[in-house]
Every structure is written in structure tokens, then in C-alpha cells.
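Asks: How does the following fold in three dimensions:
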Amino acid sequence: DPHLAGLSTLYLAYVPAVYFFMLVVFLFNGTGDFARFNLVRLGFYVANLILLISIWAAAPSASLDWVVMANLAAVYGGLALTIWLLRGFQPSGDASIVAASHTSEVRRTLRLALVFAIPAALAQFSISAYQIVLEHHMGAGPLGLFVVYYSYSRLFSPVGSAIGSHLFHLGIVGGNRDIALTFRRSLIIYFGCSLPLWLIAGWLIPLLFGRGFVVNPWVVGLLFVSGPFTLSSATLAEFLNGRQKVGANTGGLVIYLAALVFLGWWLVPHYGLVGMALAMLVADILRCVYIIIQVGRDTQQHMVDF
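Replies: Numbering: from 1, shown residues only. Next comes the predicted model:
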């Protein structure tokens with residue numbers, strides 16, 4: 001569709017602003033400046049929400065075009081907010097030393113960035129892997145339905161982002177106290193959030209996404225079971241990322257992708273969307289177990305503690 005291709009091309013303008021926004025968020029998180037960290041994130045989400053509500057209220061004829069433009073406007077609003085909040089932000093150490101070693105700092109930062117390049121690329125690809133398998137076997141229509149189910153099953157993912165931010169900072173400062181206890185509590189929180197959403201899925205999905213969506217309880221149920229394992233893996237991986245030990249995250253993502261593609265390719269032709277959800281569940285559990293083992297080795301804790 002040429003029109004959709006044009007809209008997707010517009011998102012290239014989204015890239016510089018959103019990555020600058022993300023880098024500043026990580027900067028505030030890594031230095032423990034959680035007041036600015038929360039302001040930056042809330043500013044972006046609030047701006048995006050206000051724009052989307054405005055579009056819904058105005059009900060323009062080309063709503064999809066307006067939604068794309070709203071996303072672009074929101075991310076550049078977030079960019080402006082991050083630049084404003086960076087005022088007065090002081091680097092650690094003596095300012096003269098920082099200025100004198102600016103070139104070496106840039107080189108060191110680029111070398112450090114390369115360490116995170118592989119897991120970042122794998123993480124981006126893992127988001128799309130199930131879509132590739134489903135579209136190949138079932139086409140765009142069932143894929144769209146599954147994307148709605150998946151999006152709904154991850155409505156509580158901001159909780160995981162908050163916990164992951166805490167663990168990332170914990171990894172940076174070298175703390176490992178009660179990491180297993182934090183994992184267990186997080187898992188309880190995730191299941192506690194997912195259960196009520198699962199129970200009201202038949203009512204809430206048509207309300208949020210449109211009356212044309214018929215809920216498949218098996219697919220939604222499997223996705224809600226996989227969600228806590230997805231978020232638990234991601235939060236523990238953030239702890240290791242904070243310690244610059246990205247090998248475990250890379251290995252976990254490779255295991256996830258291999259299991260998802262193999263099982264999905266085998267199950268989807270026979271069981272459809274249920275097969276895809278089951279493949280995701282198994283892949284998420286395998287990744288979670290692998291990450292737990294790696295964190296346990298790093299913190300000298302046994303897997304049974306987790």
C-alpha cells in the first residue's frame with residue numbers, strides 16, 4: 001500500500017528524537033536522578049496521550065495520518081523536555097578534566113556502545129520474530145488479531161520497566177542484595193497484574209480495540225502466562241546490563257529466538273494463533289531460566305533462591 005509505505009517512511013524522522021530521549025532517560029537513571037528521570041518519561045507519555053485524545057475528539061477523516069503525526073509531535077516534545085531538563089546537569093568529577101579529555105571520552109563511550117549493539121539488535125528483532133512467522137503462515141488478518149492480543153497482554157509492562165530501571169541502577173552501583181527476593185516479588189506482581197486483565201479480556205479488548213475483535217481465551221491466556229516470564233527476563237537482564245555483562249542477555253535472546261522460530265514454524269500450521277502463543281510461552285520460560293542461572297552465578301546465589 002503506497003499510502004502506508006509513505007506513513008512508515010515518516011517514522012525515519014522519529015528516530016533521532018526518540019534515541020536522544022532514551023539516552024537522556026538512561027543518563028538520569030544511571031546517575032540516580034529519578035526526579036528528572038520520571039519527569040522526562042511522564043512528559044513524553046502525557047504529550048502523546050493528549051494528542052491522541054485530541055484526535056479522537058476531533059475525529060478527522062484521515063485518522064491514521066493524524067496518529068502518525070501525533071507520535072512524531074510527542075517525541076519531539078519529549079526531545080524538547082529532555083533538553084530543558086539537562087540544564088544545570090553537572091557531570092561527575094572535575095570540569096576541567098572532563099573538558100580536557102572530551103575526545104577520549106567520546107571514543108570510550110563509542111567502544112562501550114558497541115558492547116550493547118548485539119543485544120540491542122537482537123531485542124529489536126525478537127519483537128518482530130513472531131510477526132514474521134505468523135504472517136508467513138496465516139497472512140495479515142490473523143497477524144493483526146494476534147498483535148492486538150499481544151498488546152493487550154502487555155498492558156502491565158510499564159511495571160516491568162520501572163523494576164528494570166531499578167535493577168539497572170543496582171547493577172551500575174554494584175549492589176546485589178536481595179536480587180532473588182526482588183525477582184520473586186516481581187514475579188508475584190506481574191501475575192497479580194495479569195490475572196485480572198485476563199479475566200476481563202472478553203469485555204475490555206472489544207472496548208479498547210473495537211467491537212470487531214472476538215477474544216480467543218486460550219490465546220490470551222497463554223500470552224498472559226508468558227508475560228511475567230518476559231518481563232522477569234528483561235528486568236534481570238537490565239541488572240546484568242548495568243554491570244556491562246551483556247553476554248547473558250545476548251545468549252538469552254538467542255535461545256528465545258531459536259525456540260520461538262522453531263516451535264512457531266512447527267505449531268502455527270497445525271494450531272494457528274494458539275500455537276504461536278504456546279511457542280512464545282515456551283521460549284520466554286527458556287530465556288528466563290537461562291538469565292536466572294547467569295544472574296545466580298554473578299551474584300553467587302543458587303537458582304532455588306530465585
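Asks: elements contacting the host helix or strand of Tyr150?
Replies: Taking DSSP states H and E as the criterion, Tyr150 maps to helix 140-153. In terms of contacts (3 or more Cβ pairs under 8 Å, 6 or more residues apart in numbering; DSSP states H and E), helix 140-153 is packed against helix 102-138, helix 179-199, helix 201-209, helix 217-242, helix 273-299. (Each C-beta comes from the backbone N, C-alpha and C, glycine too.)
Asks: any idea of the mean pLDDT in it?
Replies: Here helix 140-153 scores 91 as its mean pLDDT.
Asks: List the buried residues in it.
Replies: Pro142, Leu143, Leu145, Phe146, Val148, Tyr149, Tyr150, Tyr152, Ser153 (16 or more other Cβ atoms under 10 Å).
Asks: ditto for stretch 240-258
Replies: 240-243, 245-246, 248-257.
Asks: Please apply the same query to stretch 162-169.
Replies: For stretch 162-169, burial by neighbour count (16+ other Cβ under 10 Å) applies to Ile163, Gly164, Ser165, His166, Leu167, Phe168, His169.
Asks: so where is the stretch 51-200 of the chain shaky, pLDDT-wise?
Replies: 90-102, 176-177 (pLDDT under 70).
Asks: re the thing from before, direction-wise, compare the helix holding Tyr150 with helix 201-209 and give the angle.
Replies: Angle of helix 140-153 versus helix 201-209, following axes from the mean of the first three to the mean of the last three Cα atoms, to 10 degrees, is 100 degrees.
Asks: Could you check how far helix 140-153 is from the centre of its chain?
Replies: 17 Å (Cα atoms, centre = their mean, to the nearest Å).
Asks: Name the next helix or strand downstream of it, please.
Replies: According to DSSP H and E, the helix or strand after helix 140-153 is helix 157-173.
Asks: can you list the residues that contact that next one?
Replies: 29-30, 32, 37, 176, 179, 182, 186, 189-190, 193, 227, 230-232, 234-236, 238-243 (Cβ atoms under 8 Å, 6 or more residues apart in numbering).
Asks: swap in stretch 183-196?
Replies: So stretch 183-196 is contacted by 153, 156, 159-160, 163, 224-225, 227-228, 231-232, 235-236, 292, 295, 306 (Cβ under 8 Å, 6+ apart).
Asks: Over to stretch 285-293?
Replies: With Cβ under 8 Å, 6+ apart as the criterion, stretch 285-293 contacts 183, 226, 229-230, 232-233, 236-237, 240, 248-249, 251-253, 255-256, 259, 303, 306.
Asks: Over to stretch 223-235?
Replies: Counting by Cβ under 8 Å, 6+ apart, stretch 223-235 makes contact with 149-150, 153-154, 156-157, 159-160, 163-164, 167, 183, 186-187, 190-191, 194-195, 197-198, 252, 256, 277, 280-281, 284-285, 287-288, 291, all of which sit outside it.
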